[in-house]
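Participant: Here is a sequence together with a model predicted from it:
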Amino acid sequence: MTDNPKSVHQFKVKLLDGTEKNLFDYQHQVLLLVNIASGCGFTPQLKELQELRKEFKDQGFEVIAFPSNDFGRQEPLDGKEISEFCQVNFGVEFPVTEKIMVRGKLAHPLYKFLGDIKLNGNIKSTPRWNFHKYLINKKGEVVDYFFPFTKPLSSKVKKKIQRLL
């Protein structure tokens, strides 16, 4: 466990298969954390997220997806349905967590941390829609974010990832 209060490595998440995953397991890796929804117009970004992961995985990069029904009730699926949707339609191989809330008082503690500069020390940006992306450096620090309309395979995203690897 990390003793750095400005690191995502202090958090645990529950994956779709029910296992608990400690984000400390991703120390020394660059992460892209994304809130997703199966019924969103941005959902095709799952394919690009998988391609991005494939391109940089061997260099120490991982994508973690967080299904959420916070925006427009666009995530009606649960558990195994979400997993099957992501794998069958977009070939997703990166970790996907159980459905969580990403904004408001009931937001998952990780997402409260990600959006609050007082907690993370670097940025202030809470998701305003599905597919808001947070870039995390190897120390687990939040270093940047991308709005939903920023495509995962954009040069902007790829260059920032490459600088951190």
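Facilitator: Yes, it's here.

Participant: Quick one: the helices in this protein, in order.
Facilitator: Using DSSP state H, the helices of the chain run over 45-56, 79-90, 109-115, 117-120, 155-164.

Participant: what about the ones you listed, which gets the closest to residue 35?
Facilitator: helix 109-115 (7.5 Å; CB to CB). Every residue, glycine included, has its C-beta placed from N, CA and C.

Participant: can you pull the buried residues of that closest one?
Facilitator: Going by neighbour count (16 or more other CB atoms under 10 Å), the buried part of helix 109-115 is 110, 111, 112, 113, 114, 115.

Participant: low-scoring stretches of the chain, by residue?
Facilitator: Counting by pLDDT under 70, the chain shows low-confidence ranges at 1-3.

Participant: Spatially central residue in it, please.
Facilitator: The centroid of the chain falls nearest to residue 33 when counting by CA atoms, centre = their mean (1.8 Å).

Participant: That one touches residue 64, doesn't it?
Facilitator: Yes: counting by CB atoms under 8 Å, residue 33 does reach residue 64; the two are 5.3 Å apart.

Participant: I'd like the helices of the chain as TSV, with distance to residue 141 appended.
Facilitator: Below are these laid out as TSV (distance: least, CB to CB, whole Å):
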stretch	distance to residue 141
helix 45-56	18
helix 79-90	27
helix 109-115	11
helix 117-120	7
helix 155-164	10
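
Participant: For residue 136, list each beta-bridge partner.
Facilitator: Here residue 136 sits in beta bridges with residue 31, residue 142, going by DSSP bridges.
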